[in-house]
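Asks: Attaching a predicted model along with its sequence, questions to come.
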Amino acid sequence: MAEQTFDVLVIGGGPGGYVAAIRAAQLGLKTAVAEEKHLGGICLNWGCIPTKALLRSAEIYHYMNHADAYGLSAKGVDFDLAKVVQRSRGVSKQLNGGVGHLLKKNKVTVLDGRARLLGGGKAKVSKDGKDDTVSAKHIILATGARPRALPGLEADGKLVWSYFEAMVPEKMPKSLLVIGTGAIGVEFASFFRTMGAEVTMVEVLPQILPVEDAEIAAFARKQFEKQGIKVMSEAMVTKLDKKADSVTATIEDKAGKSQQITVDRVISAVGVVGNVEDIGLENTKVKHDRGVIEVDGLGRTAERGVYAIGDVAGPPMLAHKAEHEGVICIEAIAGIKNVHPMNKQHIPGCTYCHPQIASVGLTEAKAKEKGFDVKIGRFPFIGNGKAIALGESEGLVKTIFDAKTGELLGAHMVGAEVTELIQGFVVAMGLETTEEDLMHTVFPHPTLSEMMHESVLGAYGRAIHI
Amino acid sequence: MPTKILMPALSPTMTEGKLATWQKKEGDTIEAGDVIAEIETDKATMEVEAVDEGTLGKIVVPAGTDAVAVNSVIGIILDEGEDASALDDIDTGAATAPDPAPPPDPTPAPATPTAASAAAPAAPGVPTDGKRIIASPLAKRIAANEGLDLSAVSGSGPHGRIIKRDVEAALASGGAKAPAADSQSAAAPAASAPAPQIDDSTLPPFEDLPNSSMRKVIAKRLSESKQSVPHFYLTVDCELDNLLALRKELNSRSDDYKISVNDFVIRAAAITLGKVPGANAMWAGDSIKRFNRADISVAVSIPDGLITPVIRDAGSKGLIAISNEMKELAAKAREGKLMPEEYQGGTMSVSNLGMYGIKNFSAIINPPQGCILAVGAGEQRPVVKDGALAVATVMSVTLAVDHRVIDGALGAEYLAAFKPLIEDPVNMLL
């Protein structure tokens, strides 16, 4: 077969890669995307999307179990785990097919196989022992990330799970230990707890959800504990003793005191690490360190014509950050004017545990650390009519302003549906509104979004409903 | 209904001014077109004419008030038949700026229009000349806090919107910035140069002379320029004998004009900018603005300070035209009657101290321009010609250059093109 030539070759078909490929095609560039496993990447197949399907089942199950709170009765409420998992897989499959369709519609060539850089604008795409060489003026690495494996805590696929196994349980574990309390850890903890498992979470830092605002994390922790999740912070799992169908974990606290707990299964959720191995980086000048490829604000690596976006280009490792980086990278390649590096402070983060957590910008601690004189607004769900009507009166909306300029530095929320609310603050931040513009914005009544307004008013001592 | 008299914006960049005098008293009848007050702006005194007729019901801002924000209410006109009770409903605190900025703080707003609640902080974004400045609210807020004039900032956001990044860049590059104003002083006049700490008790007897608006602007702009613009200086000597002879010849032809050496210098400076267009430029943060017309600002000394009326497109004007225009502008300058459009927006400045016998000096760049030509006296000096000592009338000129815009070689190129025009002025008649 003749060597194929493209303007742009994207290596990796996850949310960063396929979005970059579509944007490139829109701009008239001849584009290919090489994907080894599934279009849509981890996000769509083993991450964001299927977990949301699982959590939706858990949420409905929770409501059915609490039907009487709404004057309803539901008897014999139960679940069929296989069907819950099947639904989740079905959702992924549907979207995976959707990505293939989108790429086809945009005339992006999909190369099935693992791509490795050969240097000099060439890459080899291998599948089942067959190799094809492709050349491209611009090659974008979008190889994503995989679960981090800590020595002694590595997932084995049977007793110790990574998110891959945790997503497709064959039977509901009676007890579960979750190591790590980032987004992945707390989402699984929340799912399995709602479905009836005894759940223990262990976090090495003093704060669970370490990237979130301390006040929000503390609020969430209280809610988790109320639901019966056991939370151990400043604690470390030092040893896992595997039995036939259970694991005994040794957990050491900050004082060095050890205790052991025995659980059916363990989920290792200690973060993810970029995929930089076996993609041919050694044939280029691309620099990388601990799983992160060094790039500038437009995704350019140390090798001319080679770019990196998404998880493999560094944190925050979020699908929406990868997508946006992909677009910026392509637009810069295409010579579009006025392309600017993304402001990473404006990237929102969402966690879909119960209660949900959503945030953007600086935490209170970070803002103070940076020397801002801050004004802080807080508004609790209990003061909001819609929240009470929904039966969701536990939650908090917190806003942080620069007292000097009125710049919205951060917004942090915990409670029902906050993952759908945060975008209001993200737009506000992106457009550089001040407190004044937010105060003058009309928020519809009755909605949860009114709490966003109240929180802003509260930062300036003007909240109405509290 | 009573009509508010608003503090007018006399130029696109004006955010505040001094209400110098009232020409009418409360109770006086006013016809449309009457001069009711005089406003002292950055550089000139302007008359405020009444647009409406009626009776001057109330003077809100007394004569002599400094730093009155544009668009704040300075007085109120009553319609025929209205009496003073109609004034009770008038809120004199709120300016009727197109996008009035409410006080950011919930504390009660002071009633005086110059205080924190006035539109001053919002003024940089207010369309004072009908042209809207597209800027993010945050960019406007920071600009207001820092006393930055947004009309001089170019936007890098979508559709040229000015965003925080641009304002920060402008501030970093020493845009029209006031010294470290904290948020509380943002509403105060942002246009003063830093006041040194002076212990009065250590001084000999003295008189405190309050600074005029012009003095404050000179202090602020030139401090900024000298502190933030990387100046360098290039000097060249020009023999003047041919020019003096030509001048004498031209002036002998008619009594209708009297061309000065400086008129030649203005024309030569402008023609040279045409020949070396890279020097006709201005630093603008993200870009360099290069002009395709040479508008020469000429420093004129006036009793209270100095002002730089502009000879527009001086390269295309003849010596007589330049000379006559300069005389007219200088006369207006001395009377404080220059209109803003007559002293704003030059692309390069000329400052001449030759008449005081100054041999040579270095001038401070008139921001945001890229260079200024300092002209010394024409005097007889020994020169070496063809290896022999001779006497020639020589004038030294020193070009002060903003290195961000113009590098050394380009500045030298400018002077190399300037010198032959002066030394053989027939060249500039061609």
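Replies: Yep, that arrived. Residues are numbered from 1 along each chain as shown, chains lettered A, B, ... in the order given.

Asks: What segments of the stretch 1-150 of chain B are helices?
Replies: In chain order, the stretch 1-150 of chain B shows helices spanning B:137-146, with DSSP state H, counting those that start in this stretch as the criterion.

Asks: For it, which segments count as strands?
Replies: Taking DSSP state E, counting those that start in this stretch, the strands of the stretch 1-150 of chain B run over residues B:3-6, B:16-22, B:29-30, B:35-40, B:45-49, B:54-59, B:65-69, B:73-78.

Asks: Can you tell me which of these is nearest to B:Ser154?
Replies: Taking C-beta to C-beta as the criterion, B:Ser154 comes closest to strand B:16-22 out of these, the separation being 23.8 Å. To be clear about C-beta, it is placed using only N, CA and C from the backbone, and glycine gets the same treatment.

Asks: and of the strands of the stretch 1-150 of chain B, who's closest to chain A?
Replies: Between chain A and the strands of the stretch 1-150 of chain B, the shortest separation by C-beta to the nearest C-beta is 17.5 Å, and it involves strand B:65-69.

Asks: just to revisit the earlier point, lowest average pLDDT across the strands of the stretch 1-150 of chain B?
Replies: Mean pLDDT is lowest for strand B:45-49 out of those, coming in at a mean of 77.

Asks: name the helices or strands packed onto that one?
Replies: Contacts defined by 3 or more C-beta pairs under 8 Å, 6 or more residues apart in numbering or on different chains; DSSP states H and E place strand B:45-49 against strand B:35-40.

Asks: Which neighbouring elements make contact with the strand it packs on?
Replies: Under the contact rule (3+ C-beta pairs under 8 Å, 6+ apart), strand B:35-40 is packed against strand B:16-22, strand B:45-49, strand B:73-78.

Asks: Could you list the paired strands of that strand along with their orientation?
Replies: When pairing is defined by DSSP bridges, strand B:35-40 lines up against strand B:16-22 (antiparallel), strand B:45-49 (antiparallel).

Asks: quick one, which of those is packed in tightest?
Replies: Using mean count of other C-beta atoms under 10 Å in any protein chain shown, the stretch among those with the greatest mean number of neighbours is strand B:16-22 (a mean of 22).

Asks: what's the distance between that strand and the middle of its chain?
Replies: Taking the mean C-alpha point of strand B:16-22 and that of its whole chain, the gap between them comes to 18 Å (C-alpha atoms, centre = their mean, to the nearest Å).

Asks: SS state for A:Leu9?
Replies: Reducing the assignment at A:Leu9 to three states with DSSP: H, G, I helix; E, B strand; the rest coil gives strand.

Asks: Would you mind measuring from it to chain B?
Replies: Counting by C-beta to the nearest C-beta, to the nearest Å, the gap from A:Leu9 to chain B is 30 Å.

Asks: beta partners for that residue?
Replies: Using DSSP bridges, the bridge partners assigned to A:Leu9 are A:Ala32, A:Ile139.

Asks: so it makes contact with A:Ala32?
Replies: Yes. With contact taken as C-beta atoms under 8 Å, A:Leu9 and A:Ala32 are classed as touching, separated by 5.1 Å.

Asks: Could you pull up the residues touching the closest residue to chain B within chain A?
Replies: Closest residue of chain A to chain B, C-beta to the nearest C-beta: A:Glu432 (3.5 Å). Taking C-beta atoms under 8 Å, 6 or more residues apart in numbering or on different chains as the criterion, A:Glu432 is in contact with A:Glu407, B:Ser136, B:Pro137, B:Leu138, B:Ala139, B:Ile163, B:Lys164.

Asks: same thing with A:Leu209?
Replies: A:Thr181, A:Gly182, A:Ala183, A:Val186, A:Ile216, A:Ala217, A:Ala220, A:Thr351, A:Ile357.

Asks: coming back round to it: with the contacts of A:Glu432 in mind, which one is nearest to A:Val327?
Replies: Of all these, A:Val327 sits closest to B:Ile163, with 18.9 Å by C-beta to C-beta.

Asks: Look up how far A:Ile179 lies from that closest one.
Replies: Separation of B:Ile163 from A:Ile179 (C-beta to C-beta, to the nearest Å): 43 Å.

Asks: swap in A:Thr433?
Replies: Going from A:Thr433 to A:Ile179 by C-beta to C-beta gives 40 Å.

Asks: need the residues of the stretch 351-466 of chain A near chain B, please.
Replies: Selection of the stretch 351-466 of chain A residues close to chain B by C-beta under 8 Å from any C-beta of the partner chain yields A:403-407, A:431-437, A:460-462.

Asks: Please identify which pair of these lies farthest apart.
Replies: Checking those against each other with C-beta to C-beta, the farthest-apart pair comes out as A:Leu431 and A:Gly461, at 24.6 Å.

Asks: Who has more neighbours out of these two?
Replies: More crowded of A:Leu431 and A:Gly461, by other C-beta atoms under 10 Å in any protein chain shown: A:Leu431, with 15 against 11.

Asks: does the more buried one really touch B:Ser136, like I thought?
Replies: Yes. Here A:Leu431 reaches B:Ser136: they are 6.2 Å apart, a contact under C-beta under 8 Å.

Asks: Of B:Ile163 and A:Ile179, give the one with the bigger neighbour count.
Replies: Remark: of B:Ile163 and A:Ile179, A:Ile179 carries more neighbours, 24 against 21, as counted by other C-beta under 10 Å.

Asks: ok, what's across the strand from that one?
Replies: With DSSP bridges as the rule, A:Ile179 is bridged to A:Val202, A:Ser268.

Asks: That concludes my questions; thank you for your assistance.
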